[in-house]
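Visitor: Sharing a sequence plus its predicted fold:
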Amino acid sequence: MTEDDAARFAYLAEGNAKQARKRVAADVLITDRAGRVLLVDPTYKEGWDLPGGMAEANEPPRAAAERELREELGLALTVGRLLLVEWLPPHGPWDDQLMFVFDGGVLDDAMAANLRLTDEELAGLRFVTLTEAKPLLKPRLWSQLDKSLAARTSGDVAYAELAPDTAGKQKD
């Protein structure tokens, strides 16, 4: 490495240290053959959610989604394409966040019947119709599910930004 390379590297490292860090979460849209959506009941927050969770440092969102499925449901699944990216503004004690929702596909009857909780972070899991899902999910999560289902159908990737004035109204 030349002296110029070392100086350039030091300059870039300093800039990297000062740049904002984003929290990243990755969820997975999974349905059964009847078209019902898989929801999980986290123990650490109110309401139901799609399976998934927070990415670890320097972990790609897709890898985070697959890791969370293995850890929480014992489900070894290669997730499919990206359905939704949503930016959430700071709310409560949390900084802003990027949420990724990936397509987990359709589980066959045997896989769906054999799902089990494998982590204490979850109190329950169930497949629900959209009518059943709506009252179980916070409005923000219902919106994410709705956008993800539309993207799955259209083949598009949805992008959304939650308005700052609505983020703080939800307890996460």
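Guide: Thanks, I have the structure now.
Visitor: Could you use CA atoms for every contact and neighbour count after this?
Guide: OK.
Visitor: next one: stretch 130-150 to chain centre, how far?
Guide: What separates the centre of stretch 130-150 from the centre of its chain is 13 Å, taken as C-alpha atoms, centre = their mean, to the nearest Å.
Visitor: pLDDT of it, averaged?
Guide: Averaged across stretch 130-150, the pLDDT comes to 97.
Visitor: who touches stretch 133-143?
Guide: Applying C-alpha atoms under 8 Å, 6 or more residues apart in numbering, the contact partners of stretch 133-143 are V37, L39, G47, W48, D49, Q170.
Visitor: Filter those down to just the ones in helices.
Guide: Secondary structure defined by DSSP state H assigns none of the contacts of stretch 133-143 to helices.
Visitor: Considering those residues, which member attains the minimum pLDDT?
Guide: Comparing pLDDT over these, Q170 scores lowest. The value there is 50.
Visitor: before we move on, back to that, and the contacts of stretch 133-143 as TSV, adding neighbour count and distance to A133?
Guide: Shown next, in TSV, are the contacts of stretch 133-143 (neighbours: other C-alpha atoms under 10 Å; distance: C-alpha to C-alpha, whole Å):
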residue	neighbour count	distance to A133
V37	22	8
L39	23	8
G47	17	11
W48	24	9
D49	23	9
Q170	12	17
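Visitor: could these go into a markdown table alongside distance to R140?
Guide: Shown next, in a markdown table, are the contacts of stretch 133-143 (distance: C-alpha to C-alpha, whole Å):
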| residue | distance to R140 |
| --- | --- |
| V37 | 16 |
| L39 | 15 |
| G47 | 11 |
| W48 | 12 |
| D49 | 10 |
| Q170 | 8 |
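Visitor: Tell me the one among those residues nearest to G105.
Guide: Distance ranking of the contacts of stretch 133-143 against G105, using C-alpha to C-alpha, places V37 first at 10.3 Å.
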